[in-house]
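Q: Only the shape, not the letters, is given here:
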């Protein structure tokens, strides 16, 4: 399905990988594509560090008495949470695929503020260094929530360092979000109206709004935590008039929208992949875009559902529970629309599509169990059990990580100019799906049976479920390690890709693979909406109007 | 926007006041007047603090601060002008802040046993 | 005197005006995040003030009223000098621009000096939690929270003001000296002015919180 691009002038320029070969040209680059690649390197590193922490946890939980010392166990799950949330999931799609593709998809030559983009990378890596510092000194044992007063008064671990690392990390998010919002507002090519934006761009825009408005509350909360801990203030100490729940209110005001930061970009990727690999436009574009903005906004109104058993008033709990149901509606709309998009499509079961369909299935399970958790009566029973752990891993791992791999594979030829080996990739995608379910489905059962989370030991009658979960984790570990090898292999030996190996319709597929430094020699003029696939005769049109027969 | 005001002063002079906000066309008059107004408002705010109004003083003082913010944003930070998305950006921070504050107070106001005394 | 200086927009922008508008939008988006940032600590203050009003009233009596009031006057005046600097720059009056910027910096430094004196006064009044704090019986135990808020919020504000001073110094010594702020493109200065007025706005809310509430 390789076709010639409509912009021959682009092919005369060197690709972004070839324009400058010195280390300096990478470390001081302002090219959003190079910055995206450096982010990719960082988050991959952190994914495996966070994965090692998870390995320690699951190994320890294979026996009822635990393999690790309790204190070490606490540090392991805390570092797993901190690293996976802030150093992997939050930046994963926005800072890599978003950075790379948002400018190209809207027809721009770069982001609005390339130097802020570079700053965001360095701030991110600085936060990573501070986390490494905290880990090497001995880690934190408070759980990634840093609940007070344990974290301020009693914890004997490096809380201040970790809090400062997260504070710094927040500014990386804010800079990224800033860039995307102004870019989408101001740098769209002629003819690229809001209603012609690919859904991936809508997703990144929605994510950026959330990043910008939620992160500062966390930043302030971390400052108060740090000051309280270092100076011995009493802001969260009841004996001195403080309220421990104040920490939780401000923390969850950020952290609940944060989970939407982690899932929205994945939803954008899935829309791109579903339409391309079923050769049909996405059903209900307007509903899809609106529902993403609705998730972003409504996500700010539900935070205290993390605090139902913490001591908040029952009246506010009822309101938060109701809002938590409401926020499920736009997500459900998206699942329905994706499903309808598949109907009567010519489905191609390549790796990105397997990951995307896996996303829909696993996100749905995660989402439905979220509604169970939003129900006050049920939550009293399963709060702080493995039911919650399974719920959010279904969304974060089954959903967000699957979507990340879907996008990585889908756009791999564009980013690297090489095709990955499809058979191995399909196998890996299926292995991921199997390994994931074997790991996390037993945790729903365990949670319902009453096994608390964050405990290093448990009654022996639950061992078989725990062993099953740990066995699944080993399958998952293999499935996540495999792409390192075959994607790495493809960089050297993979078949060279043309500009549009999948026959997709976005502007990014009109540029060479990989694209030149400034994306387009001439600013494109957009005449069509996204996803102009014609299901009748299999032809498609890219957004600049060029028609391609099958 | 340029406003011409004719003042018949005793010596018969005519004074034109330039009330442009755009930097390329603005004169000092608008901003000096706004600044004077801001200082007067501060004075009023201080005065209300000593009137013995109890907790109503807070409403007045923050209200005055909000008005002062409006003046600063509209004129000094030049939000006034052709309709643009800057208004949305400027207002969004305050809106989400009100969600944080108001919605948290929903819990604090209805919680029994808070604050702990003794 | 600077030689002829022509500015080209960066490659992703169609024109200088496009670039300038985007820079302003960027600053406004950033200020939205700063609103939530400072707002979060003012929320904390509100919360404790509402539930501990008696203790906060007692604690607040020790705030140095004249320092806070002088400082709000200084900051409001600095917003005026700042906007006059931008106007001068946009209209090509280079010397006026430079002098108004120096005036703004001077006012900023005076603010810091008054604040520094106030901090010294607070130290001798023994209202520095964890360092030198004397709890009065009428304000125990929550009155200390007022001072926690005071020190953290005013310190953060002072840091933001210092960043503002650094930005003005940067634009004076780097951009203006090389003649890069002209009527054709003065947006870097405009953007810094917007930031500066925002720092002023934060003080507009900190001032009643610290110095006015509870005095009646």
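A: The structure has been received and is ready for your questions. The structure displayed is predicted, hence computed values, not measured ones.
Q: Now do the top helix by length along chain C, average pLDDT.
A: The longest helix of chain C (DSSP state H) is helix C:16-51. Mean pLDDT, computed over helix C:16-51, is 94.
Q: Pull out the buried positions in it.
A: Judged by neighbour count (16 or more other CB atoms under 10 Å in any protein chain shown), helix C:16-51 contains these buried residues: C:18-49, C:51. In this view, the C-beta of every residue, glycine as well, is placed from N, C-alpha and C.
Q: near chain A too, which of the residues you listed?
A: Near chain A, judged by CB under 8 Å from any CB of the partner chain, the entries from these are C:18, C:21-22, C:25-26, C:29-30, C:32-38, C:40-41, C:43-44, C:47-48.
Q: closest point of chain C to chain B, which residue?
A: Closest to chain B within chain C is residue C:35: 2.9 Å, counting by CB to the nearest CB.
Q: Just give the number of residues close to the closest residue in space to that residue that isn't next to it in sequence.
A: Spatially, and ignoring its direct neighbours in sequence, residue C:35 is nearest to residue B:93 (2.9 Å; CB to CB, 6 or more residues apart in numbering or on different chains). Neighbour count for residue B:93, taken as other CB atoms under 10 Å in any protein chain shown: 24.
Q: Can you pull out the residues in contact with the host helix or strand of residue B:93?
A: Using DSSP states H and E, residue B:93 maps to helix B:86-110. Contacts to helix B:86-110, defined as CB atoms under 8 Å, 6 or more residues apart in numbering or on different chains, come from residues A:213, A:217, A:245, A:249-250, A:253, A:300-301, A:304, A:312-316, A:319, B:73, B:79, B:114, C:24-25, C:28-29, C:31-36, C:39-40, C:43, C:46-47, C:50-51.
Q: Mind pulling up the pLDDT for residue A:93?
A: Value for residue A:93, per-residue pLDDT: 97.
Q: Quick check, it in contact with residue A:402.
A: No - counting by CB atoms under 8 Å, residue A:93 does not reach residue A:402; the two are 11.4 Å apart.
Q: More neighbours: which of those two?
A: residue A:93 (31 against 27).
Q: Near chain A, which residues of chain B are found?
A: B:85, B:92-93, B:96, B:99-100, B:103-104, B:106-112, B:114-116.
Q: Repeat that for chain C.
A: Residues of chain C lying near chain A (CB under 8 Å from any CB): C:10-13, C:18, C:21-22, C:25-26, C:29-30, C:32-38, C:40-41, C:43-44, C:47-48, C:52, C:55, C:129-131, C:141-142, C:144-145, C:148, C:152, C:156.
Q: Can you tell me the closest non-neighbouring residue to the closest residue to chain C within chain A?
A: Going by CB to the nearest CB, chain C is nearest to residue A:241 of chain A, at 3.0 Å. What sits nearest to residue A:241 in space, not counting adjacent residues and going by CB to CB, 6+ apart, is residue C:142, at 3.0 Å.
Q: again, but for residue A:110
A: Spatially, and ignoring its direct neighbours in sequence, residue A:110 is nearest to residue C:12 (4.3 Å; CB to CB, 6+ apart).
Q: residues contacting the one you found?
A: Per CB under 8 Å, 6+ apart, neighbours of residue C:12: A:103, A:108-112, A:114, A:187.
Q: If we use 6 Å, what do you get?
A: By CB atoms under 6 Å, 6 or more residues apart in numbering or on different chains, residue C:12 lies in contact with A:108-110, A:187.
Q: Residue A:212 too?
A: A:177, C:33.
Q: State the mean pLDDT of whichever strand or helix holds it.
A: Assessed by DSSP H and E, residue A:212 sits inside helix A:199-231. In this model, helix A:199-231 has a mean pLDDT of 96.
Q: mind checking how far it is from the chain centre?
A: Relative to the chain's own centre, helix A:199-231 is displaced by 15 Å; criterion: CA atoms, centre = their mean, to the nearest Å.
Q: so for the following helix or strand past it, what's the average pLDDT?
A: Downstream of helix A:199-231, the first helix or strand assigned by DSSP H and E is helix A:244-278. Mean pLDDT, computed over helix A:244-278, is 96.
Q: before we move on, what about stretch A:447-461?
A: For stretch A:447-461, the mean confidence score works out to 95.
Q: Contacts made by that stretch with the rest, please.
A: Under CB under 6 Å, 6+ apart, the answer for stretch A:447-461 is A:64-66, A:70, A:73, A:382, A:384-387, A:389, A:462.
Q: do the same with stretch C:177-196
A: B:77, C:2, C:5, C:7, C:16, C:20, C:23, C:27, C:82, C:86, C:89-90, C:92, C:164, C:167, C:171, C:175.
Q: need the contact list for residue A:107.
A: A:189, A:192, A:507, A:524.
Q: Can you flag the buried ones in the residues of chain B next to chain A?
A: B:92-93, B:96, B:99-100, B:103-104, B:106-108, B:110-111, B:114-115.
Q: re the thing from before, output the contacts of residue C:12 as JSON lines; include the columns distance to residue A:204.
A: Shown next, in JSON lines, are those (distance: CB to CB, whole Å):
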{"residue": "A:108", "distance to residue A:204": "13"}
{"residue": "A:109", "distance to residue A:204": "18"}
{"residue": "A:110", "distance to residue A:204": "15"}
{"residue": "A:187", "distance to residue A:204": "13"}
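Q: Check those residues for burial and list the buried ones.
A: Of the contacts of residue C:12, these count as buried by 16+ other CB under 10 Å: A:108-110, A:187.
Q: Specify which member of those residues is nearest to residue A:542.
A: Nearest to residue A:542 among the buried ones among the contacts of residue C:12, counting by CB to CB, is residue A:108 at 16.3 Å.
Q: measure the nearest residue to the closest one once chain neighbours are set aside to residue A:198 for me?
A: Leaving out its chain neighbours, the residue that sits closest to residue A:108 by CB to CB, 6+ apart is residue A:187, at 4.0 Å. Residue A:187 is 15 Å from residue A:198, where distance means CB to CB, to the nearest Å.
Q: All set, thanks.
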